[in-house]
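# mind looking at a prediction? Sequence and model below.
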Amino acid sequence: MLNRLASAFTRSFSSTASFDMASVQTKVQALINENSVMVFSKTWCPYCRQAKATLEQKKAGAKVVELDHEDDGEAIQAALTQITKQRTVPYVFIGGKLIGGNSDLQALNKQGGLEPLLKEISA
């Protein structure tokens, strides 16, 4: 059991380490800057699915990067963790600012703040 955990950690670390972190951070920041609504997600994550569904319902036109489908997905998530101090998916950005994860997005929506924010960035 311990050997399997060590092996999984080594694979995870080595695959992230094989990418230049500075260039990955630059890539991540460019995606955030170039897309008014940006979501970094994983296809299997129910919280990600809920966040994407909320944004789709609001016709937000979100750009979504599925980290589990990207060759450098682990490195992107490591860069996002460094940038945001948030460790879990989804990472939701609106207008270049971190909204947070799904619970933050749902709270913003429930409080009535999501639609005005989306209108503000589309104006």
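Cool, the structure landed. Residues are numbered from 1 along each chain as shown.

# mean confidence (pLDDT) on the host helix or strand of residue 83, please.
According to DSSP states H and E, residue 83 maps onto helix 73-84. Helix 73-84 shows a mean pLDDT of 96.

# what's downstream of that helix, the next helix or strand?
strand 91-94.

# got the buried residues for the very next helix or strand once past that following strand?
Moving toward the C-terminus from strand 91-94, the next helix or strand (DSSP H and E) is strand 97-100. When neighbours are counted by 16 or more other CB atoms under 10 Å, the buried residues of strand 97-100 are found to be 98, 99, 100. C-betas here are computed from N, CA, C, even on glycine.

# considering these, which is situated nearest to residue 60?
Each of those was checked against residue 60 using CB to CB; the closest is residue 99, at 11.0 Å.

# pretty sure the closest one contacts residue 105?
Yes. With contacts counted by CB atoms under 8 Å, residue 99 reaches residue 105, the gap being 5.5 Å.

# give the contact list for the residue most central in space within the chain.
For the chain, residue 40 is the residue whose C-alpha lies nearest the centre (CA atoms, centre = their mean; 2.4 Å). Taking CB atoms under 8 Å, 6 or more residues apart in numbering, we find residue 40 in contact with 28, 64, 65, 67, 76, 77, 80, 89, 90, 91.

# count of neighbours near the first one?
Which is residue 28. As a burial measure, residue 28 scores 25 neighbours (other CB atoms under 10 Å).

# surely it is in contact with residue 81?
No. Distance between residue 28 and residue 81: 10.5 Å, which falls outside the contact criterion (CB under 8 Å).

# can I get stretch 115-123 in CSV, CA atoms only?
In CSV, the C-alpha atoms belonging to stretch 115-123 read as follows (Å, rounded to 0.1, in the frame of the first residue of the first chain):
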residue,chain,number,x,y,z
GLU,A,115,-25.7,38.2,-13.4
PRO,A,116,-24.6,41.8,-12.7
LEU,A,117,-21.0,40.7,-12.8
LEU,A,118,-21.5,38.9,-16.1
LYS,A,119,-23.3,41.9,-17.6
GLU,A,120,-20.5,44.2,-16.4
ILE,A,121,-17.8,42.1,-18.2
SER,A,122,-19.9,41.9,-21.4
ALA,A,123,-20.5,45.6,-21.6
